[in-house]
Structures are given as structure tokens and as C-alpha cells.
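# I would like to see how this sequence folds:
(2 chains)
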Number of protein chains: 2
Amino acid sequence: MSNEITAEVISIGDELLIGQTINTNAGWMGDKLGLIGIRPKLVRTIGDDRHVITEALRSATCDVVLITGGLGPTKDDITKHTLCEFFGTKLVRHPEIEERIAGFFHSLGREPLEGNRAQADLPEGCTVIANDRGTASGMWFEQAGRVYVSMPGVPYEMKAMMEKEVLPKLKARFKPPAIVHRTILTTGLGESHLAKRIEGWEDSLAGADIKLAYLPSPGLVKLRLSAYAGADAAEVRARVDRKADALYALIPELIFGEGEARLEQVIGKVLKGRDQTLSLAESCTGGYVSHLITSVPGSSAYYTGGVVSYANAVKMEELGIPAGMLELNGAVSQPVVEKMALGVREALRTDWSIALSGVAGPDGGTEEKPVGTVWMAVAGPSGVRSVKGFFPGTRDLVIQRSALAALNLLRKELGEGER
Amino acid sequence: MSNEITAEVISIGDELLIGQTINTNAGWMGDKLGLIGIRPKLVRTIGDDRHVITEALRSATCDVVLITGGLGPTKDDITKHTLCEFFGTKLVRHPEIEERIAGFFHSLGREPLEGNRAQADLPEGCTVIANDRGTASGMWFEQAGRVYVSMPGVPYEMKAMMEKEVLPKLKARFKPPAIVHRTILTTGLGESHLAKRIEGWEDSLAGADIKLAYLPSPGLVKLRLSAYAGADAAEVRARVDRKADALYALIPELIFGEGEARLEQVIGKVLKGRDQTLSLAESCTGGYVSHLITSVPGSSAYYTGGVVSYANAVKMEELGIPAGMLELNGAVSQPVVEKMALGVREALRTDWSIALSGVAGPDGGTEEKPVGTVWMAVAGPSGVRSVKGFFPGTRDLVIQRSALAALNLLRKELGEGER
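Okay, here's the model as predicted:
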């Protein structure tokens, strides 16, 4: 489109250039801009250098220029002064912001230094973007039809400012073509196999003027449907929803949620809603599944605990696996993983349990059980179910992918319980 | 310095702009460039667009231009064609590379497609950089005193090419002033408290012409010493080593390693060397410590397993905590965490054990035990030791920081065992 609205990001900070901090802000902003119909075109990461910052501002060509970083209270933080110079204005103190900053320090039992108070000095003529989560305000400038917004580099502060003020203001200012989105989260099939499975459905999208993007990450593929809303947003929304419904009908066992949902949250919600409990017996994943489950606030309501049975002795003593069974089948086998699930469910007296036993590598693989071979089991009120997975890759990837596969196995078993 | 060698990175890929993939390559390259005395000045992240790529190449001003991405076998991957156009050359097929690609596919039992074979087409006149880990070769160009290197965007492939060929070639080509580095890893004190503790030592560095950088991340502070080597590299190396020795003498309990070492690796090495074993009892960290320990390849040699005792019933039944003790002191208390460590050490019959019990939040905090309060214990051959930590922050941060603190407690206890 020739009249599309474009955006660029200028990320300021020496720590980004030397790799001490990873620039996660720029990608996050690009995603959010895309969702309101503004196309991210360029990210420039530069150091805290007045000349370099000015040059970046001067050479900006997009409609929207989002700037992060360099707004702290120390001498290295020169973004604000550089913006004043660039826009030909000067700093003026905002007493109400100074008061808020002082109040913030007093609440911590400390006195603000002059450097802290100086964060209330903002360029005359800019529109101030409030920062609920910190002491550095945002600044909105317009010049020659272009919008420049400067925000702090702290992700937690920047994100709140973007969601609450900047994105709505950009929508109002540029009126980008409204876009209807649905992001459907799948697990259980890699990108190419998934594409084959939904080929016919995907082909039908063009006729409905809907675009599909595959967004893969280890163990997951997100499917994002988007369509320009034009005049009749409700009609477009309905059209996207119909295609989403068709996808649900096509691959129900692969879809675990939408948007920003995580599999461990989805499971937690189901368990909490049913007042049921979960326990884990992990071997190859070494506690990673337990870590995912407990990363969800409030997980203590349904997660009782788990056993990491790395050594065979632990499998025998804590989970009741007979020595003969281990000897006959090996630890990475269907009888052992099923007994692990049953054993931990009984020992911890939970409604559900998950067990995993596999070869995470890099060593320990055999021809029969190569690195990436993982047996997973879920035990529940009506018995135990197990599946074998193969997740070749580095140790980290084997752990991540098998953890998600095991969580998905539980999700499916929980779903069956509902019917 | 006016004659310093500078570098810029051009990261190519639509997936980077929309936030689907985080650009970790650029920071990694900046770090490695800095270590050989080349200053990273700019990162530009752009889409797979011929015009935009050409414009980025044309406007490069640094001595070194590192380009990643857009070298895959599909039609979207246009970097190679754009480089040909920019340098006024054409693609020629390299039969030995084509053979290697075909061999790679045959080893997977598959036939290479023409798109795969076409990865052996490379611009005439460029110096080919071999890719041991994939099918996209790197390309080195020189023009007007500037070096351009194009590499694949897959981190695992790019990193190997940088380490093996690109960094050594850049050193040879530009002869940047040699820099002597030592990166000393500390844990147990935050940046500002650490700075206060080593103030006098830090002041003494200026006289020795040594620079110090604080590189903080959750639970850790890396201290990087650097000095330009000039003519007498051995003398500078000795000078840096003397200052490092002084730092070791000053804060021995805070230093756990150097360079890229991780605390869980350091501990694993000690345990493996002594043929001793470890078990874990985790409450608030929910399996994260176990995940860290088992992320190290070969950890099954010393890690026996662990119990995640999220519910009090598990603490009682699996770890032998008396109900009265839990009632009297609460789960987050010194007696309980010590009994957890002793209980898991006994149950799993290991030489050492770690236990944690705390308030990870966001709920569950009280005035007496606010969110971030964590009791940690280590049990070993000569008894149990425990400490209380306070790690305020988000749930993720409480988990990460207390996990590192508990690992550090074990490290210190292991150190005592050596004396």
C-alpha cells in the first residue's frame, strides 16, 4: 500500500550495543504497532551520544518515530537535552511532576536528589506522556507531519505508556486502516506439518480477504489471522470468526488458547475451576515442567508438588518403580513413565499427574533411543495415558519441547474429562 | 580515540521487526567486537526488502559492516542477490559447496531441492566463510577500505562463523589496539552495594590504566576489567592480573567464576571432581533450581533428584517435616527450611542438599514475611547451614534471584569443605 503508515524505533543505550542488555523493546513495539495497522520498518540501536542521536532523528523518514532510553537521572542520560536541541526548545520544570517524584522517594523513606527532581524538567511544547510506573515522563512531539515519542527504556514502564497512551493517540492521529486480528495458539505439530494439515483451510482464506501468518517458537506455532476492517468492522470481525471456528473444528486437539495465553495458565485455570490438583514426576526435563507450572501466580491452589527423579534410585524409592521394570525396559520406556505418573499421583494424592522420561542429550543416546526420545504419561481419575515423542535438537530444545508436549497431553486429557 | 575501529550491524528479517524473533545476534556480536578492540556503534534492523537493504549498505559509515539474515533457501531470502547488485558482481556456483549441501541432505535421508542446491551460488569475488553448522555460506567483501561480512541469521551458525573465521580475520585486517580483558563473576550483592564494598580497589584502577565496567543481570554482577595492551602485552596482562588478585582477596565469598561460567556449572564441576552427589527440596522456586542444575550436560553424574514441596502435605510426607513445626513457625522459616534440607538429603541419600522456602508473590506476603522473603539451607557432611534472603521484585525475579543465592550458598559450603 502506498498510503500505509510506517514507524521506526530508535533504541538508545550503550548497554544495548555491547550486548549487556538484549533489545526486547523494539520487537515488542513492532508487534503492537502492527496490530493497530502501522508497519514497523526500521529499528536503529545507538549509543548515548548526542551527535549520533541527533543524526538518527534528522534522518528519520517514517511517519512515527518511537524513541526509548536515555531518560534516567544520571549524566549519561542525554536524550532529553538532545531532543530540546533538535526541536529548538528548552526544558521547563513541571511542579506537579516534581511533586510526584518527591512523593515516590518519600514513600521509600528517601530524599530525592537534584538529579531525581530534574526528571520533572521537560521540553517546552511537548505533550507529556504520564509514567505511572517510574519517574521518567514520556514526550510526544510533532514536526512536519511526523510524530516523535520519547519513552524510558525500562520495558515495564515503556509498555504501560504504550498501551495506555501512545498506541491510542497514534490511532487517533493517523487513523490507520483498522485491522481485525485473532491469534490462535497451537502445539503438537511443527510448522511444516501443521501447514500441510490445514492446507485446504489456508487456501480458503484468500477468498475471504484474510491473511495468515505462522509465528513459530520452540514447541509452539501461533497462527495469526488478520483482515483490514474497512467500513463495516462487524462484518469483517464475523468473517474472521467464521474462519477461526473452521480452524477449531479442523485441529481441536492442537489448539490450546488465543492471544498471549500460555499452556501452563490454560491448564491452571481448568484445574482451579474444577478444584482439582496436579503433581509431577520429571526425569529428563529436570524440574522445568514444575518451573513452568509454578511461574503462574496462584498455582499453589492446584499444584501440590513434584519429584525430580534423575537417578534410578529415586524412581524406585520415591515413585515405587520396581528395579526389574527398570532393568528390563530401561528408564526411557512406556511401563516406567506410566508407573512414574501413577506413583507420584498416589504418593502426593492428587487428581492428576504428569510424568516424563527421556534422553535430553547431548550424551546418552542410542540407536534405539536417540537423543530427543521422550516418553510422557498423564494419570488421572480414569487411568493413565502415555505417548512417545521425538524432539531432536539441543539439550535446551529437547527440554522445552517435551515440557510443552507433556502439558498439552494433560490439556487433552482434561478436555476429555469435560465431555 | 580518533583512530578507533568502528563496526555496525545490519540485521535483516521481517520476523525481527514484528517481534516474532528477538534480535539477540546484534548484542552478542557487539560484545565480541568490543573484546577485540572494535567499537560497536550502530545496529540497524530492517525487513527482507531489496531497496531497504541496499539503502542500509549504501549509508554504512563504519569500518566493519556485519550483516545477518536473509540467506535461506526460499524466495524471501534476497540478501545474496542484493549484495551482488550492490557490489556489481554475479552469482557463481561452487561445486564443492553444492556437494557438501547434497551430502547434508542425504545424511538425513532426503534429496536436496534446487533451492537448497542454489545455496552454493555465491557472489563472484567474495571470500567465502565456511558454515560448519548449516547450508548458508558467509561472504566477506571489501570496498573502499570497508569490510562487509554477510552471515546467516541462525545464532548457532553465525556464532561459530564469527568465532572461527570472522573475528580472527577482522583482527588481522584492522589490527585494532589489543585489549586485555578479565570478566569476574560475582553474586550475593547488588550493583550499588558491591560498588561501595570495592570502592577503594576501584579507585586504584585509574593509576594502573585499567577500566572497570559493571554488567548487572538478575542475581549477578559481572565486573569486566580492560586495558589496552600497547607494545608490551605481557606487562599489561600482569597488571590486570594483579588487580584481579586483589579483588579476589577483597571479596572471595562473592566471586564464583570468570568469563562465561555459570554458577550451576561451577558447582557441578566441584561435585563431579569429588565424586559427591546433590539433592534439592524446593518450595517457592518450584523446580527452577533443579532446572538450572539439570541444564548442564552431564549433571546426572552428581544430581540425584529433588522434591518440589509446594503443598505443606508434601513437606510433611516426603521430607519429614513435623506438622507442629509448620504450625508453629510457618513454612517460610529457619527450622522448616533446615529440616527440608536434612530431609531430602536423607531420603535421597546424597552428600549435599539445598532447600528453599519463601514468598514468591504476588500474593501471600505479610508484614513480617513480605513478598521476596526466602529462607535457604544447605545440608552437607558436617551439618546444615541456613540464611534468610530478601529479594523484592516480580515473581520471576524472586525465583531467579533466590535460586542463584541458594546455589551460591552451596558453593560457599563446598569451598569450606576444601579447606
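# Can you name the residues that contact the residue of the stretch 101-250 of chain A found nearest chain B?
In the stretch 101-250 of chain A, the residue that lies nearest chain B is A:L215 (4.9 Å; Cβ to the nearest Cβ). Glycine gets a C-beta too; all of them are placed from N, C-alpha and C. The contact partners of A:L215, by Cβ atoms under 8 Å, 6 or more residues apart in numbering or on different chains, come to A:T183, A:V221, A:K222, A:L223, A:R224, B:Q20.
# The fifth one belongs to a strand, doesn't it?
Yes. Going by DSSP: H, G, I helix; E, B strand; the rest coil, the assignment for A:R224 places it inside a strand.
# Run a quick neighbour tally on it.
When counting by other Cβ atoms under 10 Å in any protein chain shown, one arrives at 17 neighbours for A:R224.
# Run a quick check on it versus A:A213, I expect a contact.
Yes. The pair A:R224 / A:A213 is scored as a contact, 4.5 Å apart, by Cβ atoms under 8 Å.
# quick one: strands adjacent to the helix or strand encompassing the residue of the stretch 101-250 of chain A closest to chain B?
Applying DSSP states H and E as the criterion places A:L215 in strand A:211-217. According to DSSP bridges, strand A:211-217 has the following sheet partners: strand A:220-228 (antiparallel).
# what's the spacing between the most centrally placed residue in chain A and chain B?
In chain A, the residue lying closest to the centroid (Cα atoms, centre = their mean) is A:E260, at 6.4 Å. To chain B, A:E260 is 12 Å away according to Cβ to the nearest Cβ, to the nearest Å.
# For the most far-flung residue of chain A relative to its centre, give its distance to A:S357.
Distance from the C-alpha centroid of chain A, by Cα atoms, centre = their mean, peaks at A:G324 (43.9 Å). The gap separating A:G324 from A:S357 is 17 Å, by Cβ to Cβ, to the nearest Å.
# Next, see if stretch A:21-30 gets close to chain B.
Yes. Using Cβ under 8 Å from any Cβ of the partner chain, stretch A:21-30 reaches chain B at A:T21, A:I22, A:N23, A:T24, A:A26, A:G27, A:W28, A:M29, A:G30.
# What lies in contact with that stretch?
Residues beyond stretch A:21-30 that count as contacts (Cβ under 8 Å, 6+ apart) turn out to be A:7, A:9, A:11, A:13, A:15-16, A:40, A:43, A:45, A:66, A:68, A:153, A:155, A:158-159, A:162, B:16-24, B:26-27, B:43, B:45.
# cool, and stretch A:121-141?
By Cβ under 8 Å, 6+ apart, stretch A:121-141 touches A:71-73, A:80, A:83-84, A:87, A:89-94, A:97, A:101, A:104, A:116, A:119-120, A:147-152, A:154, A:156-157, A:160-161, A:164-166, A:169.
# again, but for stretch A:389-399
Contact with stretch A:389-399 is made by A:218, A:284-286, A:288, A:358-362, A:370-376, A:401-402, A:405, B:291, B:294-295, B:297, as judged by Cβ under 8 Å, 6+ apart.
# redo that, cut-off 7 Å
A:218, A:285, A:288, A:360-362, A:371-374, A:376, A:401-402, A:405, B:295, B:297 (Cβ atoms under 7 Å, 6 or more residues apart in numbering or on different chains).
# cool, and stretch A:78-91?
Here stretch A:78-91 makes contact (Cβ under 7 Å, 6+ apart) with A:12, A:48, A:50, A:53-54, A:57, A:67, A:69-71, A:121-125, A:139, A:141, A:143, A:150.
# Now do that stretch: distance to the chain's middle.
35 Å (Cα atoms, centre = their mean, to the nearest Å).
# Going along the chain, name the helices of the stretch 301-419 of chain A.
A:312-319, A:323-329, A:334-348, A:395-418 (DSSP state H, counting those that start in this stretch).
# Compare those and give me the one nearest B:G330.
helix A:334-348 (21.3 Å; Cβ to Cβ).
# May I have stretch A:335-342 as CSV, with CA atoms only?
Taking Å, rounded to 0.1, in the frame of the first residue of the first chain, the C-alpha atoms of stretch A:335-342 are listed here in CSV:
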residue,chain,number,x,y,z
PRO,A,335,6.0,-49.0,31.5
VAL,A,336,8.4,-46.8,33.5
VAL,A,337,6.8,-43.5,32.6
GLU,A,338,3.3,-44.8,33.3
LYS,A,339,4.4,-46.1,36.7
MET,A,340,6.1,-42.8,37.4
ALA,A,341,2.8,-41.0,36.8
LEU,A,342,0.8,-43.4,38.8
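# list the buried ones in it?
A:P335, A:V336, A:V337, A:E338, A:K339, A:M340, A:A341, A:L342 (16 or more other Cβ atoms under 10 Å in any protein chain shown).
# from memory the first one sits against A:M325, does it?
Just to be clear, that refers to A:P335. Yes. With contacts counted by Cβ atoms under 7 Å, A:P335 reaches A:M325, the gap being 5.5 Å.
# Now, of the contacts of stretch A:21-30, which are buried?
Buried members of those, counted by 16+ other Cβ under 10 Å: A:7, A:9, A:11, A:13, A:15-16, A:40, A:43, A:45, A:66, A:68, A:153, A:158-159, A:162, B:16-21, B:23, B:26-27, B:43, B:45.
# Strands - which of those residues land there?
Cross-referencing the buried ones among the contacts of stretch A:21-30 against strands under DSSP state E gives A:A7, A:V9, A:S11, A:P40, A:V43, A:T45, A:L66, A:T68, B:V43, B:T45.
# Excluding sequence neighbours, find me the nearest residue to the fourth one.
In space, and not counting its chain neighbours, A:P40 is closest to A:G30: 3.6 Å by Cβ to Cβ, 6 or more residues apart in numbering or on different chains.
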